[in-house]
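> predicted model and sequence below, questions to follow.
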Protein chains: 2
Amino acid sequence: MGELKLTSAVTFMVSIQDDLREVEALMRSQADERYPDLKAAIDLLLNAGGKRIRPTLTILAGKMLKAQREPLLNLAAAIEMLHTATLVHDDLIDGSLLRRGMPTLNSRWSPGATVLTGDYLFARAANLASQTDSVPVMKLFSHTLSIIVGGELTQLFSTRCKVDRNNYYQRIFAKTASLFEMSAKSAALLCLAPDAVAEALRAYGYAVGMAFQIVDDILDYTGEQATLGKPIGSDLRQGIVTLPAIYFAEMHPEHDLTHYLVDGLCIDDQDEIERLIDSIRSSEAIERSHQEAIQFVETAIRNLNQFEPCPERLALEELAHHVVDRRF
Amino acid sequence: MGELKLTSAVTFMVSIQDDLREVEALMRSQADERYPDLKAAIDLLLNAGGKRIRPTLTILAGKMLKAQREPLLNLAAAIEMLHTATLVHDDLIDGSLLRRGMPTLNSRWSPGATVLTGDYLFARAANLASQTDSVPVMKLFSHTLSIIVGGELTQLFSTRCKVDRNNYYQRIFAKTASLFEMSAKSAALLCLAPDAVAEALRAYGYAVGMAFQIVDDILDYTGEQATLGKPIGSDLRQGIVTLPAIYFAEMHPEHDLTHYLVDGLCIDDQDEIERLIDSIRSSEAIERSHQEAIQFVETAIRNLNQFEPCPERLALEELAHHVVDRRF
């Protein structure tokens, strides 16, 4: 029985590939032929790939609710385009040279061209969202963009992050979970589904997004440099304290380097930063963070209980599990 | 009779001030209290003022069509917020230190904070647009943003501008007239007005916007440095060839510096650039450009003929005239 279900979910994920290819085509069609340089940039960004987990989530939720295909694909494309736009500005601000192992736009282009390309992607994401003809979707779209950008501004203006779990949850909500929330909830808004359905999908998306970002933050400590495309512990090196470091500080108040985390101090000594990263990496803080991600996934799946069993629901469950099982 | 009409228009413009104050309040309310630095930035930008000509146009067009007040003011605020957002990124890209005689955001803040503040304003502009509950308005909003950003990208990627009148019209449409067009047309979309009404207002907004930018480009040659807040001829100094320079080149092919304009060459010699600016400034190219702006205004006013005479229509006519009469 379980195996049968699994097969149906896998089969279903295969069928989603056609939808994702159309989402890809919709995104590419947003590049106006009159701007060849812009078209090249958009191709570059889209070729860099990415997991396309947000549009997958939207498509699955939408199909579960029997959404009309065309507006659903526009919505999925709008969300991935919005995500891409925020990455372009993020990389510029952080000065990142690689993303997904590929050169970032700002590593090749002037800051001005990078700012404008991000702006253009925002405009085209808004255009795709407006193609859904749904006012609630467009309201959620602008609301989510405000949350994402507001979170980045808060981080930019805040002093170095200290060990503060609430602050951490707020940060990863703004950075990641808000768009996951939108990815799932907007499918319900598109279908004019009852509030309870929209809320269940919002809660599902939120929890998957939180789990996703926690796993990202764990992988920053446990991943391979080659796979990550950046040095291990790069968050801490930039002064960003994530869940593994927070748990480490809570569990090891006696450690001679914990005060750096608690007081939010900058670590200048290269040996000390390597030693702290190693200590966190080999501590139980990793497993504890992982357990928390698993709890978020369980919450996510519980929120799907109100839906009749169907291949889409099963695929959404699989997707949630996949988020904590991934190794990169 | 004419005097009576004029009085009524002036009276009407006074009554618009209340609406504009509400638009201002709506814009300020978009600054989330949780981000005090952002709030300070938005206050700074809004205190810098500006003519608020775009929201005035929207309010007049909307009142003429008996639009509902609340969505109309949201729309007007969305348009001015979008305008402000584009200025923030523009000033960053151009490295401008002053705008309307006030320090620009990028002159005080890091590039990252400036990029994100612009993004936040885009998000809040989209939010205000979505408060109109009008899908056509939101479609036009994202479409117009694409045109504006696309135009800036074209300019960034193009080699130095040459004497090319078509190219000039395309540039000033993207830069200015597209948003004026939206300011007027969107009021019609909000009221679900017939297509002919929307088209007449679009044509009015387009022509006013074209006239506005041509006058701006004339003032860059004829204005006072103190009023402009930048050196006279700053466009040409940046390699941007506007209408006065285009007409000058057409009318004076024999001038020893015209080849710089025709061939799109960079002028390194400071004396030569001053001499060229002086030559353009004192030539009939200025008056010819001004005549062209007046023609655009006449076209704009002709497009209002289909509307019954009313204070709003008269005020729209006054506004169009004002655009070519202004001295700063």
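All right, it came through fine. Numbers count the residues shown, from 1 in each chain, chains lettered A, B, ... in the order given.

> make it CA atoms for all contacts and neighbour counts henceforth
Noted.

> can you give me the strands in chain A?
Per DSSP state E, chain A carries strands over the ranges A:98-99, A:102-103.

> for the last one, which strands pair with it and how are they oriented?
Using DSSP bridges, the strands paired with strand A:102-103 are strand A:98-99 (antiparallel).

> one step back: with mean neighbour count and mean pLDDT added, can I get the strands of chain A in JSON lines?
Output for the strands of chain A, formatted as JSON lines (neighbours: other C-alpha atoms under 10 Å in any protein chain shown; pLDDT from 0 to 100):
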{"stretch": "strand A:98-99", "mean neighbour count": "17", "mean pLDDT": "73"}
{"stretch": "strand A:102-103", "mean neighbour count": "14", "mean pLDDT": "75"}
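
> point out the residues in the stretch 101-250 of chain A that sit beside chain B.
Applying C-alpha under 8 Å from any C-alpha of the partner chain, we find that the stretch 101-250 of chain A lies next to chain B at A:111-113, A:115-117, A:119-120, A:123-124, A:126-127, A:130-131, A:133-135, A:138-139, A:142-143, A:145-146, A:149-150, A:152-154, A:156-157.

> write the PyMOL selection for whichever of those are buried.
Buried residues among those (16 or more other C-alpha atoms under 10 Å in any protein chain shown), as a PyMOL selection:
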select buried, chain A and resi 111+112+113+115+116+117+119+120+123+124+126+127+130+131+133+134+135+138+139+142+143+145+146+149+150+152+153+154
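
> buried set for stretch A:318-325?
A:Glu318, A:Leu319, A:Ala320, A:His321, A:Val323, A:Val324.

> closest one of those to A:Gly95?
A:Val323 (27.4 Å; C-alpha to C-alpha).

> how much space between that closest one and B:Thr154?
From A:Val323 over to B:Thr154 the distance is 40 Å, taken as C-alpha to C-alpha, to the nearest Å.

> same question for A:Phe307.
Taking C-alpha to C-alpha, one finds A:Phe307 at 49 Å from B:Thr154.

> re the thing from before, could you dump the strands of chain A to a markdown table with distance to A:Asp90?
Converted to a markdown table, the strands of chain A look like this (distance: least, C-alpha to C-alpha, whole Å):
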| stretch | distance to A:Asp90 |
| --- | --- |
| strand A:98-99 | 11 |
| strand A:102-103 | 14 |
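
> chain neighbours aside, what residue packs nearest to A:Ser186?
A:Val137 (5.7 Å; C-alpha to C-alpha, 6 or more residues apart in numbering or on different chains).

> residues near that neighbour, how many?
22 (other C-alpha atoms under 10 Å in any protein chain shown).

> ok, the one 3 residues further on next?
A:Leu140 has 21 neighbours, counted by other C-alpha under 10 Å.

> that one against A:Ser186, yeah?
Yes: using C-alpha atoms under 8 Å, A:Leu140 is in contact with A:Ser186, at 7.3 Å.

> ok, now how distant is A:Gly264 from A:Ala315?
A:Gly264 is 41 Å from A:Ala315, where distance means C-alpha to C-alpha.

> one more: A:Gly239?
Taken as C-alpha to C-alpha, the span from A:Gly239 to A:Ala315 is 37 Å.

> just want to know which of those two has more residues nearby.
Ranked by neighbour count (other C-alpha under 10 Å), A:Gly239 and A:Ala315 place A:Ala315 first, with 24 against 18.

> find me the pLDDT at the more buried one, would you?
Here, the pLDDT recorded for A:Ala315 equals 93.

> go on, A:Glu22?
95.

> give the contact list for it.
A:Leu73 (C-alpha atoms under 8 Å, 6 or more residues apart in numbering or on different chains).

> count of residues packed around A:Asn308?
Just so we're on the same page, residue A:308 is Glu rather than Asn. 10.

> same question but for A:Ile147, I mixed them up
Neighbours of A:Ile147 (other C-alpha under 10 Å): 18.

> returning to that earlier point: report pLDDT for the residue nearest to A:Ser186.
98.

> same question for A:Ile267.
For A:Ile267, pLDDT reads 79.

> how about it, nearest residue that isn't a chain neighbour?
Spatial nearest neighbour of A:Ile267, excluding adjacent residues (C-alpha to C-alpha, 6+ apart): A:Ile273 at 6.3 Å.

> how far is stretch A:311-319 from where the chain is centred?
The chain centre lies 18 Å from the centre of stretch A:311-319; the measure is C-alpha atoms, centre = their mean, to the nearest Å.

> dump that stretch to PDB, keeping only the CA atoms.
Provided in PDB are the C-alpha atoms of stretch A:311-319 (Å, rounded to 0.1, in the frame of the first residue of the first chain):
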ATOM      1  CA  PRO A 311      -1.300  12.000  -5.800                       C
ATOM      2  CA  GLU A 312      -0.800  15.700  -5.400                       C
ATOM      3  CA  ARG A 313      -1.100  15.600  -1.600                       C
ATOM      4  CA  LEU A 314       1.300  12.700  -1.500                       C
ATOM      5  CA  ALA A 315       3.800  14.600  -3.700                       C
ATOM      6  CA  LEU A 316       3.500  17.600  -1.400                       C
ATOM      7  CA  GLU A 317       4.400  15.200   1.500                       C
ATOM      8  CA  GLU A 318       7.300  13.800  -0.400                       C
ATOM      9  CA  LEU A 319       8.500  17.300  -1.200                       C
END
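
> pretty sure A:Leu75 is one of the things A:Leu128 touches, is it not?
Yes: the criterion here is C-alpha under 8 Å, and A:Leu128 meets it with A:Leu75 at 6.6 Å.

> neighbour count: these two, which is higher?
For the pair A:Leu128 and A:Leu75, the greater number of neighbours falls to A:Leu75 (32 against 27), based on other C-alpha under 10 Å.

> thought that one was touching A:Ala126?
No: contact between A:Leu75 and A:Ala126 fails when scored by C-alpha under 8 Å: they sit 9.8 Å apart.

> quick one: contacts for A:Glu224?
Contact analysis of A:Glu224 by C-alpha under 8 Å, 6+ apart lists A:Ile232.

> what do you get for the one 10 residues further on?
For A:Ser234, the residues meeting the contact criterion (C-alpha under 8 Å, 6+ apart) are A:Asp220.

> and the helices in the stretch 101-250 of chain A?
Counting by DSSP state H, counting those that start in this stretch, the stretch 101-250 of chain A has helices at residues A:105-108, A:111-130, A:135-157, A:165-172, A:178-190, A:195-222, A:225-228, A:234-237, A:243-251.

> grab the most central residue of chain A for me.
The centroid of chain A falls nearest to A:Thr176 when counting by C-alpha atoms, centre = their mean (4.2 Å).

> how far away is that one from chain B?
17 Å (C-alpha to the nearest C-alpha, to the nearest Å).

> so that residue sits against A:Ala207, correct?
No: A:Thr176 is beyond contact range of A:Ala207, at 10.5 Å (criterion: C-alpha under 8 Å).

> follow-up on the earlier one: measure the residue nearest to the centre of chain A to A:Tyr169 for me?
10 Å.

> shared neighbours, those two?
By C-alpha under 8 Å, 6+ apart, the residues touching both A:Thr176 and A:Tyr169 are A:Met210.

> any regions of chain A where pLDDT drops low?
A:1-13, A:100-101, A:159-162, A:226-229, A:327-328 (pLDDT under 70).

> among the buried residues of stretch A:318-325, which are in reach of chain B?
When contact is defined as C-alpha under 8 Å from any C-alpha, the buried residues of stretch A:318-325 do not meet chain B at all.

> closest one of those to B:Ala203?
Distance to B:Ala203, by C-alpha to C-alpha, is smallest for A:Leu319 among the buried residues of stretch A:318-325, at 50.5 Å.

> tell me who's in contact with that closest one.
Contacts of A:Leu319 by C-alpha under 8 Å, 6+ apart are A:Leu57.

> mind redoing it with 7 Å?
Contacts for A:Leu319 (C-alpha atoms under 7 Å, 6 or more residues apart in numbering or on different chains) come out as none.

> any idea how far it is from chain B?
29 Å.

> how far away from the center of its chain is stretch A:288-306?
For stretch A:288-306, the distance to the chain centre is 16 Å (C-alpha atoms, centre = their mean).

> ok, A:Ser289 touching A:Ile246?
No: with contacts counted by C-alpha atoms under 7 Å, A:Ser289 stays clear of A:Ile246, the gap being 9.3 Å.
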